[in-house]
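Turn this into a structure:
(one chain, ligands or ions: 1)
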Amino acid sequence: MSSSCEFESLEKTLESHIPEAELAEVRRILFGKETQKLELPLCAVESAAQRDFELKGFGFRASVEQLRPPRVLRVGLVQHHSVLPTDAPVQEQISAMHRRVGEMAEVAAMCGVNILCFQETWTMPFAFCTREKEPWTEFAESAEDGQTTRFCQELARKHNMVVVSPILEREELSDTLWNTAVVVSNSGNVMGKTRKNHIPRVGDFNESTYYMEGNMGHTVFQTQFGRIAVNICYGRHHPLNWFMFSLNGAEIIFNPSATVGALSEPMWPIEARNAAIANHCFTCAINRVGTEHFKSEFTSGDGKKAHHDFGHFYGSSYVAAPDGSRTPGLSRTRDGLLVVEMDLNLNRQISDKWSFKMTGRYAEYAELLTRAAAPDFKPKIVKE
Ligand SMILES: NC(=O)NCCC(=O)O
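Purely as a prediction, here's the structure:
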C-alpha cells in the first residue's frame, strides 16, 4: 500500500542526486557510522513484494569482547496504513488490520526477528483529532485478554517472538481508557503493559479527550532477548521520560508513534536518535503511514478552516544506536517492515567510552527537580 503523491524519502533523494564519490561522506555526517545491509531470505523478499510492502534490513556491529559473548538479536518495526476507510464497521477495520499486520509478522519471522513492535494504537485510525467519542472508543480493548492481545499471543507462540502491541486500552470494571503498549513474551504469555505518560495538546492531537495520563511509571521488561521499554509517541519529546526507562535498565526503547509531517517531521530524526546517544541504548522509532479521512470536519482551534484529515503520517521508521549511528528510514509513503540486527554489548562499550550516564549529577538534578516541582519554587537567577 502506498500514498503515491507524497515525497518518498530523504534517503532515496540523496541516493539519486548526490554523486557516488561524495555519498558515503554525506551519509557518514548525516547518519553516523554506516550500518551494514542485512541479507534477508529470498522467501521474505518475495513475500514482501507480493504483499506490497517495503522490506529493509540493516545491522549494527559491536566489538568482540574477551569476557562477554555477543548478545545479538533482531528487532522488527512495522509501519502501515489504516487498511479500510474510517467509516467501515469497527470490527471489519480491526480484522483487516490484524490480517495486514499478521502477514507482515510472517515475513518478520522469516527474517529471524526476535522482538516485533507495531505502531501506536495500531488497530484503529488515529481518530483522536475528531473529538467524537463514537465509534472510536469502541476500538478500545482489554490489554490482558482483548481480541488484539489474543491475536498477538498467537503470533508470539507461533514465531517464538516477543510482540509489543500498542493499543487503545479499556480497563475492565472501571472503563477507564488508556493509551497502552502490551508486551507479549515469546512464550505467548502477557508479560505486562505500560501506558503513555504524556498526552499531547498540540495541533489536531486532541488526545486528552480520550484517555488518561499513564500511571505505570517507567516499567522495563526483561525478555529472553534483552531488557525493553516502550516510550509511546509524544513521550519522545521528553528527554527525562527516555532517561527514566534507561535508569530502570532498558537496553532497547521502542517509540511507537502517530505523527504528521507538518507538525513534527524535522524533529523525528533527532529525538529518538539523541535518546540513544544520551542513554547508551538502542531506540526504535515507528510511525504510521498515509492520510486518514474522517466524515465529520474538525478544526485545530487555530482560526484556520475545518478539515477532514490530520495530514500525512510520514512513516520513516528507523533504529538508532548508542554510538549515534542510525539506520536509513523506511519510506514516507509505503507500508513497511524494518529488520535490524544489533549486539547489545554495544551499549556498555559506548557507555565506557562516553560515560554520559556515569558522569550524570543525579543527586544535584534530583534536588533541583524536587524544589522546581514545589508550588513555592523560585528559580535561581542572578541579576546585576
Ligand atoms: N500520537 C501523538 O502523541 N502525537 C503527538 C504529536 C507528536 O508527538 O508528534
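
out of everything not next to it in sequence, what's closest to residue 230?
What sits nearest to residue 230 in space, not counting adjacent residues and going by C-beta to C-beta, 6 or more residues apart in numbering, is residue 181, at 4.0 Å. Where C-beta positions appear, they are placed from N, C-alpha and C, glycine not excepted.

so who does that neighbour touch?
164, 165, 166, 167, 193, 194, 195, 230, 232, 254, 256 (C-beta atoms under 8 Å, 6 or more residues apart in numbering).

Tell me which residue in the stretch 1-150 of the chain sits closest to the ligand.
residue 120 (5.6 Å; C-beta to the nearest ligand atom).

any idea how far residue 153 is from that residue?
Relative to residue 153, residue 120 is positioned 20 Å away (C-beta to C-beta, to the nearest Å).

now do residue 187
For residue 187, the distance to residue 153 - C-beta to C-beta - is 9 Å.

again, but for residue 111
21 Å.

Would you tell me what the next helix or strand after the helix or strand that contains residue 228 is?
In this structure, residue 228 sits in strand 227-230 according to DSSP states H and E. Once the chain leaves strand 227-230, the next helix or strand it forms, by DSSP H and E, is helix 239-247.

So which bits of that next one are buried?
With burial defined by 16 or more other C-beta atoms under 10 Å, the residues of helix 239-247 counted as buried are 241, 242, 243, 244, 245, 246.

Let me know the closest of those to the ligand.
After measuring these against the ligand - C-beta to the nearest ligand atom - the closest member comes out as residue 241, at 11.9 Å.

Isn't the closest one up against residue 197?
Yes: using C-beta atoms under 8 Å, residue 241 is in contact with residue 197, at 5.8 Å.

Overlap of the contact sets of the two?
Counting by C-beta under 8 Å, 6+ apart, the residues touching both residue 241 and residue 197 are 218, 231, 235.

With distance to residue 263 and pLDDT as added columns, please give those in CSV.
Below are those laid out as CSV (distance: C-beta to C-beta, whole Å; pLDDT from 0 to 100):
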residue, distance to residue 263, pLDDT
218, 25, 98
231, 18, 98
235, 16, 98
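
Show me where the stretch 101-250 of the chain dips below the pLDDT cut-off.
Within the stretch 101-250 of the chain, no stretch has pLDDT under 70.

Near the ligand, which residues of the protein are found?
120, 200, 202, 205, 233, 234, 257, 258, 259, 263, 264 (C-beta under 6 Å from any ligand atom).

Restricted to buried residues, select these in PyMOL.
The PyMOL command for the buried members of the residues of the chain next to the ligand (criterion: 16+ other C-beta under 10 Å) is given here:
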select buried, resi 120+200+205+233+234+257+258+259+263+264
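
got the contact list for the closest residue to residue 263 other than its chain neighbours?
In space, and not counting its chain neighbours, residue 263 is closest to residue 203: 5.3 Å by C-beta to C-beta, 6+ apart. Going by C-beta under 8 Å, 6+ apart, residue 203 touches 263, 300, 302.

Return the closest of those with respect to the ligand.
The ligand lies nearest to residue 263 out of the contacts of residue 203, by C-beta to the nearest ligand atom, at 5.5 Å.

How about the secondary structure of the closest one?
helix (DSSP: H, G, I helix; E, B strand; the rest coil).

Same question for residue 297.
Once three-state DSSP is applied, residue 297 turns out strand.

ok, it touching residue 308?
Yes: in this structure, residue 297 is within contact of residue 308 by C-beta under 8 Å, at 5.7 Å.

So for those two, which sits in the more crowded spot?
The neighbour comparison of residue 297 against residue 308 (other C-beta atoms under 10 Å) goes to residue 308, with 15 against 11.

and that one, what element?
Per DSSP H and E: residue 308 is located in strand 307-309.

so for the helix or strand that that strand is followed by, what's the average pLDDT?
Next helix or strand after strand 307-309 toward the C-terminus (DSSP H and E): strand 313-314. Across strand 313-314, the average pLDDT comes to 97.

Next SSE downstream of strand 313-314?
Immediately after strand 313-314, counting by DSSP H and E, sits strand 318-320.

May I ask which helix or strand encompasses residue 73?
strand 72-79.

chain center to that strand, what's the gap?
11 Å (C-alpha atoms, centre = their mean, to the nearest Å).

same check, this time on stretch 178-189
Worked out by C-alpha atoms, centre = their mean, stretch 178-189 lies 15 Å from the chain centre.

list the buried ones in that stretch?
Going by 16+ other C-beta under 10 Å, stretch 178-189 has these buried residues: 178, 179, 180, 181, 182, 183, 184, 185, 186, 188.

Report the contact partners of the closest residue in space to the first one that isn't next to it in sequence.
What sits nearest to residue 178 in space, not counting adjacent residues and going by C-beta to C-beta, 6+ apart, is residue 169, at 4.3 Å. With contacts defined as C-beta under 8 Å, 6+ apart, the neighbours of residue 169 are 140-143, 146, 177-180, 182, 193, 195, 211.
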